[in-house]
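*Asks:* missing the sequence, but the structure's below:
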């Protein structure tokens, strides 16, 4: 085995931490919410109060008369303009900038006001009158998929931007937004071969990303040039969408992204940017829109899902067939749902080599707010299902779930659900690590202390990264030997800029203090596909390293000529090219750049990966490398109250290579906080389409007090291959099933519907007791 | 002859005009004066009231107590800091950020205040007490160069940034800031060979650039990162100076330049930027300083000069020797004077092949505000001298000055004063053009109508461009086939962005509407040496074309593969690569970029020219190409009032290739306005170092009413060589001597000291009359 567990400070002698730490703790990080442009107007949005209705009448006359109000805009007015497309969307153009003739969810933007301040805008909003004619609405899969269901989009939406990897199989006349299919092997033969077949259904609810910083956009539109300052994880997606909406060359649309106050997938695809841009064009002034927390809750969320797994095993526990039926609640607009169902679908194959797999995965339109990308992108839903079911199966078979997993875990040379042969598999090492760290035993020891019960749970997952994938970077070596790196990857607290600086420093043997990594500005910085899918350190890191390698080569060649030393006898160290073994005989980069008389050395670099799945079979290359993680939880459940405490958690993630140890561990810890909330508390609760808990008083996320007293992180490196694997999401999907499995072990209550609330546990405990009592009666009868 | 006169719209079927014309006329061009950052403070500066004094005492206590005042800073306080260098300068570090122990000119910054608004800052300024101990001061060459002159810089200043082409020969212990020497041939033999020798002295005064937009800087300093938004023609000079002052890697200093409201050389080298940056560091807030017009007048100006030309000729009019002694009044700080004297010095060689030349050119420190670059950079001073003297000589020899010039004008294969052999000479064509357009005749016709006299004058000049010279550019072809070009050249109304867009459009056969040219932002945009010296269309144009050529080649190769057509059978047209002769068989750039799956094609380009002069002889390569122009004026002088009207003016400039006909003509017209003011009105008048007319009420620039009723522009192209020559300054130096020569012809009054005011003409007329009367008396006596 060539792998090794990373130890902070030991594996990498380089920088660890965060380059902008001082700015962060002194409150000087620039966020777009602090941006103010001369003459800037403030926008507010009036939102639909109905989940599904025709707009019968809008009266904005009184609103327009409010002093300080510059524009009051309706969807019909946008639709009547010839200089702007009134609908947008990354896959389907099904999202009106403002609702045009009908509203499709509670919270949908209907009228926008731009005024000299928020007070004037609010006063105007209060004076707008809207009459709706209510329509029947659908919120859940059953109703939405019924044969006579009301349609969220009666007209099939037009295709929008295209992705290289998108598979479109929408079904007009239904609420099926898109469908993904995977067919591996012979599913019927598989189940025929199986000695056990288990079918279980799992659900997880819509949850919110809850970034500290809510969405904010400042648009400054001048004639045929637009500048958009926005909270986006994909600046080039905003650029292409805005260019499309205004029918402009992409070169005329400038998207600038400062540091984000968190993203978690919720800032991937445009939502408020088109509206703010239109308001700026209409008013001919800069316009700012900053969502309130309440608005954030109805703007984008994680998909609620329902997954049914039918799994066939041989007697020895080998899984031979799996059929998955996955439903993802897209809400009223497609956003990225058409692609997410692919990951959520193939993800149900799990870290398991199953010869026969049949997956149908659906994005379903409903009259709920739109769902989009969310940390763990489809996989945390899939993993909740398969990592819960594997333990249910182990229980039914009387097996150690640890052993049942190990029997089935993917090994090098085996095929994943997509048919691709995997190498670089480390599932066993990861599972072994967390099992050993948590002190896994079987039969499971359950400690009881009064009303409190303690037990442990495991899980192990596989997650893809977006494929194909591309990043480009530019490196500019200045004439004092300092380096500017231009990238369009987004710093959102994950430490992107520090990771890039470390990689550039390494590629050019330059002190990290002399390196500056740009923020994205599509006018200047080269293309990056997206800052999501845990891809940036891998993909943009590759592009940055590539650009620096070109400069490195130029430096070596120039120094070889100047120093009259063979290229092979030179090395780069501390900003100098020098003779190997003679550290004083060298020349610093600044001098080499100055000698070129060009003021700087400029090079571009590129990362690119290829892949894709067949539309009919889902077979192909799902990801050029696979994220792997395991988790182990120890919980304490109070049997009287149903309250769960996460006592200990250990996460183990395959990192390939750890670039920044502190930041990598913090990412893994953040995943536990995220997963903990989703395991125990988080759920967007709707009543007839009305969100009931869209605020941080009623909607609970994990706090520091909820975090486990012991939280361990193990990062696995592979020093030969040294391929950087993203770790921004990898540790998240195991958290919910690990906790759920521990709770089951502690209580005997198996909950298949997240979150695992005290109420569900108490209800489960009562059911268990009732069943025991019934058994006892039956036994007595016998 | 291969040349041709450009005709607007005829020579070039492409774009002509200004891309941002609509923004300009609707007042939406972004200027830094409109920039506002959150928490930004406003700075004001208390300036020296003494031309030379020790600072005995500064009391800022009351000022600090003014509500809203955040910082009050003195030079001594800056000098005491360990985190900042207290002096700066592009060649010598002789410019204190604020005066430290002494002041050297009236208007020198002494104390700076940063406050929440300008009112608070002004209230604080009013409460600052300063006591000076006056020192003897020097203002003019005589006093400054006297053996016992008080020294402006008693301590020799340290060297600052270095230029590849700088020749340093400063003379410590004197007020000589720097000296440039040129020795060609054998000057003594030359004068020995001469049959006539004439020695004349000429002066021109300090004048102000008077850009519509005065200097403005907003600095935002965070810990170890600085952003400077400023009105600079040389962003990378600001970057290197600021990096030096704060001892930071250049990569950490970001200099952003919006469109300038005019520059004319006055915004080349840092003056207010260091102060604003220090204020921002001290206050830890963004700080803005925007100079008032009065402050602008004492911040930078054109060098006052005195040039003595001793010219030896053979009887046939051939010039065989010239000795020039040139003094340029640097004021109290070197700024770029050490380099300007080189151009002003070699420039006195004129467009003439003189075998024996001896030039001494001095920058002289005085207690006046500093002088710096000014449109025509040293050459307008030199040309005033030699183009006036050539006519004085013609008069003395009884020759047609047109013919005398033609006898001496440089021809291909002849050597300039710097010893370099010139090719691509077009002086005769230019002079012939303006002579013919103005209707030159000899003996000159002088029309008289009452008290008004009309006559014509000529001139012809040569001007270098900065050498060596380098520019770099990056081109980003987007996946919709639109193009972003990254350059650090500055748009200041001269049409830089449009010219670059035209060249990029041409290089890539792309509609100009799909091209966006960046503004400079040193974090993102690659190095450019400077936006001055009329070099940008030539140098940056070369870099942009080079970058686009790389992309062009990539497109061709990709298309050749995709279309299966030999590279040679392909052409680029209208954003497509297509088969020659089969316009429908092709593929558009967007599709080619998308096929790469890298989101964009990125390429960098470079322009570079080499050259330089020997420090002892001034021989070498002074400029890789030479700007050439001629001018012809017709004036009407009112003999009763001395008032001069410029009736007609024709300018002829060698353009090599005209990129943007409208803009090129407007540049030439602007030069006439500039020269007209300097010929007739403009002069900074000092009394004991106190500027007397530092405002636009007392200091007159040419208005539209002063412009000639007929203003002709001829642009000469060379369709084979097609080398782009800068034309931003070329037409300026001929204006003053052409007008002066016309006035002489009209009045018989020869004025050698600019400007040619009515008072000087009337005084001259009286002298002429007195001389005639004396002659008459003498004749009567005889």
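*Replies:* Thanks, I have the structure now. This structure is a prediction, so every number in the text was calculated from the model and none was measured.
*Asks:* got the residue ranges for the helices in the stretch 501-650 of chain A?
*Replies:* A:536-563, A:589-596 (DSSP state H, counting those that start in this stretch).
*Asks:* in TSV, list the ones you listed along with mean pLDDT.
*Replies:* Shown next, in TSV, are these (pLDDT from 0 to 100):
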stretch	mean pLDDT
helix A:536-563	97
helix A:589-596	96
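*Asks:* what residues does the stretch 601-750 of chain A put near chain B?
*Replies:* A:602, A:603, A:604, A:606, A:608, A:610 (CB under 8 Å from any CB of the partner chain). Backbone N, C-alpha and C define where each C-beta goes, glycine included.
*Asks:* got a list of what the fourth one touches?
*Replies:* For residue A:606, the contacting residues are A:470, A:471, A:472, A:473, A:543, A:546, B:598, taking CB atoms under 8 Å, 6 or more residues apart in numbering or on different chains as the criterion.
*Asks:* gap between it and residue A:473?
*Replies:* 8 Å (CB to CB, to the nearest Å).
*Asks:* let me know the closest of the residues of the stretch 601-750 of chain A next to chain B to residue A:535.
*Replies:* Taking CB to CB as the measure, residue A:535 sits nearest to residue A:608 out of these, at 12.0 Å.
*Asks:* phi and psi next, for the nearest residue to the closest one once chain neighbours are set aside.
*Replies:* Sequence neighbours aside, residue A:470 is the residue nearest to residue A:608 in space, at 4.6 Å (criterion: CB to CB, 6 or more residues apart in numbering or on different chains). For residue A:470, the backbone dihedrals (degrees, to the nearest 10) come out as phi -150, psi 150.
*Asks:* now render the contacts of residue A:606 as TSV, adding neighbour count and distance to residue B:363.
*Replies:* What follows is the contacts of residue A:606, written out as TSV (neighbours: other CB atoms under 10 Å in any protein chain shown; distance: CB to CB, whole Å):
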residue	neighbour count	distance to residue B:363
A:470	23	54
A:471	30	51
A:472	30	47
A:473	33	45
A:543	31	48
A:546	20	48
B:598	21	52
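*Asks:* which residues sit in contact with whichever residue of the stretch 351-500 of chain A sits closest to chain B?
*Replies:* The minimum distance from the stretch 351-500 of chain A to chain B, using CB to the nearest CB, falls at residue A:482 (3.4 Å). Residue A:482 is in contact with A:514, A:515, A:516, B:249, B:250, B:251, B:252, counting by CB under 8 Å, 6+ apart.
*Asks:* and it, what's its pLDDT?
*Replies:* Residue A:482 carries a pLDDT value of 98.
*Asks:* so which bits of the stretch 451-600 of chain A are right by chain B?
*Replies:* Near chain B, when you scan the stretch 451-600 of chain A using CB under 8 Å from any CB, you find A:468, A:470, A:472, A:474, A:476, A:478-484, A:486, A:513-516, A:518, A:521-529, A:597-600.
*Asks:* what's around the closest residue to chain B within the stretch 101-250 of chain A, how many residues?
*Replies:* Nearest to chain B, among the residues of the stretch 101-250 of chain A, is residue A:249, at 3.4 Å (CB to the nearest CB). Residues near residue A:249, counting by other CB atoms under 10 Å in any protein chain shown, number 22.
*Asks:* now do residue A:298
*Replies:* 24.
*Asks:* against residue A:695, how distant is it?
*Replies:* Counting by CB to CB - residue A:298 and residue A:695 are separated by 11 Å.
*Asks:* likewise for residue A:386?
*Replies:* Counting by CB to CB, the gap from residue A:386 to residue A:695 is 33 Å.
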